[in-house]
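# Sequence first, predicted model second:
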Amino acid sequence: MATIKPHVLPNGATIAEAEGLDLKKVRAMFATPTAFVSMCQIVREDESTGYLNPTPTQQKLIEAYHQHRWILVNKFRQAKITTISVMLLLRDCMYLSGVKGLLIAERQDTAEDIFERILFAYHRLPDAVRMPLATGRKAGSTQMHFCHGGGIKVLTAGGRSPAIGRSIDRLIITEFGEAQWQRKAAINIFPTVNKRPNARIILESTPGRAGSHHEQMWHASLEGRSRFHPLFLDWWKDSSCQIAVKNDFKPTESEREYIIRHPGMTIPNLAFRRSSLNTEFVGDTRLFSSKYPSDPYDGWLGSSDPIMPIEILKPLLERAITDPPMGAFYCRELESPLQSSKYIITADPAGFGATGDKSALTVWDAVERREVAFWEDREDPTRFATRLMRVQERYNTALLVVESNAMACIAVLKDKKCRNLLWTDRRHPGWYATEKRIQESEARLVRLIQENDISIRSRGMLHQLVNYDGSRKKRVKGIDGITHHFDRARTAIMAADVLSRRNFTRTVLEQPNELIPGRVTIGDLDKFQHRERAASRSPFRPPSREWR
């Protein structure tokens, strides 16, 4: 009889053997992604006990888990994603030899409650597929050890510096957005799995605080810059997010607009939203979005006060380009320069020192008003000035617009005799950023975007504009003390000011004349007339009075 091939078994992993264990059935657990979770028993919401029947939302996670090693889930409340995550954790740690798993929750009581679900499913598995525990050890309230050396442990991320203490192969983090010290937790946790080629991670949470480390990680995954694969879950596609509609239910005008913006949404989903708004969210649509986000950019709340209307940025984000890799011309190019076009470079330089703001530059096609290249990183003013001049040379000696509040970079550019540098007036080289000018430029950028008069195409720029608060002196800081920078966003504000005030046209390139035998040109006629005039001059013309 042919042996069942475990299609979803990780490379290099081996199935552990134990007395009384039916290896044929165990291999069948890995034959299809949903095989094992469908055998697990849970306590349902109606307090009955039964086998887990994955919902379409849960199946999306199961499929992603077997296609990607690192998964970052942006979920809605009560999506039951944690249950599926821990069942997959139980399968891998129970059957794969030596595999150790870790579950981290925001609070200890939550971690222990989730671990009880694991124990409930484990003890109700048939004897033929239940891996024995290690000899002399029983499953406790926070950990369990299997006979092959693997096991599962639970921790909490509630402290400032959660410690792991050992290398792990499977990691589940629930409600990461609720953790207070997200950056320190990430620094302490992820290095333990970075070098393990078969390690798998599920980090799941509802949207958290705007500007938090969690949001920055989510944006990085959307941009394709991190190991994480982003997985957004539509709440209206889950059967638990709908209620029966009464005969007198009539959608309001705003509800009609809301349902149009969400393909696949039904009237029962709309009734669920209205009921939730009238119950726990007391009519606050922003609070509802924080638990039931409409799209990957919705639901992030915080103390920041974004200036850019999110509704005008969302269409741009849907068709945005993932930030390209660093090229050979000192920037990241979305498109190469055209000989006939004119460009401007807007730059926000940083000061000297290893900490503080980053330096950023953005290149714009001034005729089409389109973002064509950018660069952002921490670099001292001297090196940044050199970078600016090289990018300027690359883009047809572009007009260089440098924010003048950091004068060190301007001074270096003047010493290097930089050409085509914008001056605010005779006393102020560079773009002089007064409070009034910044506010006017922000309004101009909003208008240009609304009227499709400017094209911002990179995800990184748009993600900064989503949270841009306009403040220069006081950066937004999360509870964990992490500062949010808007350096590329500032370059867009500067570009809106310059492009609104100046009209740029393409350079008319002269086409070389091709000489065709037998064709007489105006130039030929001019030369003929010149020879006739020269021949008619008198040979007795008096000599010049001036010395040659």
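Thanks, I have it.

# all helices of the stretch 201-350 of the chain, in order?
Here the stretch 201-350 of the chain has its helices, by DSSP state H, counting those that start in this stretch, at 213-222, 253-260, 267-279, 285-291, 310-318.

# highest average neighbour count across these?
When you average the neighbours per residue for each of those (mean count of other CB atoms under 10 Å), helix 213-222 leads with a mean of 22. C-beta coordinates here come from the backbone N, C-alpha and C atoms, glycine included.

# packing partners for that helix?
Applying 3 or more CB pairs under 8 Å, 6 or more residues apart in numbering; DSSP states H and E, we find helix 213-222 packed against strand 70-74, helix 182-189, strand 229-232, helix 459-467.

# Can you list the neighbours in contact with it?
72, 74, 176-177, 179, 182-183, 186, 203, 205, 207-209, 226, 228-230, 296, 300, 459, 463, 467, 478, 480, 482, 484 (CB atoms under 8 Å, 6 or more residues apart in numbering).

# now that helix against strand 70-74, angle please.
120 degrees (axes from the mean of the first three to the mean of the last three CA atoms, to 10 degrees).

# ok, Phe288 - contacts?
Arg273, Ser276, Leu277, Phe281.

# which one of those sits closest to Leu21?
Ser276 (46.2 Å; CB to CB).

# The closest one and Gln78, how far apart?
Applying CB to CB, to the nearest Å, the value for Ser276 to Gln78 is 11 Å.

# pLDDT below threshold where in this protein?
Within the chain, the segments meeting pLDDT under 70 span 1-12, 157-166, 302-306, 353-356, 471-485, 507-526, 528-529, 532, 534-548.

# okay, which residue is most central for it?
His219 (2.1 Å; CA atoms, centre = their mean).

# Val402 and Thr424 touch, don't they?
No - with contacts counted by CB atoms under 8 Å, Val402 stays clear of Thr424, the gap being 10.7 Å.

# about what we covered before: indicate which one of the helices and strands packed on helix 213-222 is closest to Ile310.
Closest approach to Ile310 among the helices and strands packed on helix 213-222 (CB to CB): helix 459-467, 6.4 Å.

# tell me how far stretch 289-306 is from the chain's mean position?
Per CA atoms, centre = their mean, to the nearest Å, the displacement of stretch 289-306 from the mean C-alpha position of its chain is 14 Å.

# what does stretch 367-382 give?
A distance of 19 Å separates the centroid of the chain from that of stretch 367-382, by CA atoms, centre = their mean.

# Near Arg387, how many other residues are there?
18 (other CB atoms under 10 Å).

# mind putting the helices and strands packed on helix 213-222 in JSON lines, distance to Met39 and mean neighbour count included?
Shown next, in JSON lines, are those (distance: least, CB to CB, whole Å; neighbours: other CB atoms under 10 Å):
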{"stretch": "strand 70-74", "distance to Met39": "22", "mean neighbour count": "23"}
{"stretch": "helix 182-189", "distance to Met39": "30", "mean neighbour count": "19"}
{"stretch": "strand 229-232", "distance to Met39": "24", "mean neighbour count": "18"}
{"stretch": "helix 459-467", "distance to Met39": "41", "mean neighbour count": "22"}
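
# what about these, which gets the closest to Gln59?
Minimum separation from Gln59 across the helices and strands packed on helix 213-222 (CB to CB) falls at strand 229-232, 11.8 Å.

# What are the contacting residues of the closest one?
Contacting residues not belonging to strand 229-232 are listed as 60-61, 64, 67-68, 70-74, 218, 221-222, 293, 295-296 [CB under 8 Å, 6+ apart].

# which one of those residues sits closest to Tyr343?
Nearest to Tyr343 among the contacts of strand 229-232: Leu222, at 27.9 Å, using CB to CB.

# re earlier: turn the helices of the stretch 201-350 of the chain into CSV, columns for distance to Glu376.
As requested, these are exported to CSV (distance: least, CB to CB, whole Å):
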stretch, distance to Glu376
helix 213-222, 13
helix 253-260, 36
helix 267-279, 38
helix 285-291, 29
helix 310-318, 18
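
# now that we're looking at the residue lying closest to Arg378 once chain neighbours are set aside, how far away is Asp377 from it?
Counting by CB to CB, 6 or more residues apart in numbering, Arg378 lies nearest to Lys358, which is 5.1 Å off, once chain neighbours are set aside. Plainly put, Lys358 is 6 Å away from Asp377 if you go by CB to CB.

# Comparing these two, which residue is more hemmed in?
Set Lys358 next to Asp377 and count neighbours by other CB under 10 Å: Lys358 wins out with 17 against 12.

# list the contacts for that one?
Neighbouring residues of Lys358 by CB under 8 Å, 6+ apart: Ala350, Glu376, Asp377, Arg378, Glu379, His485, Asp487.
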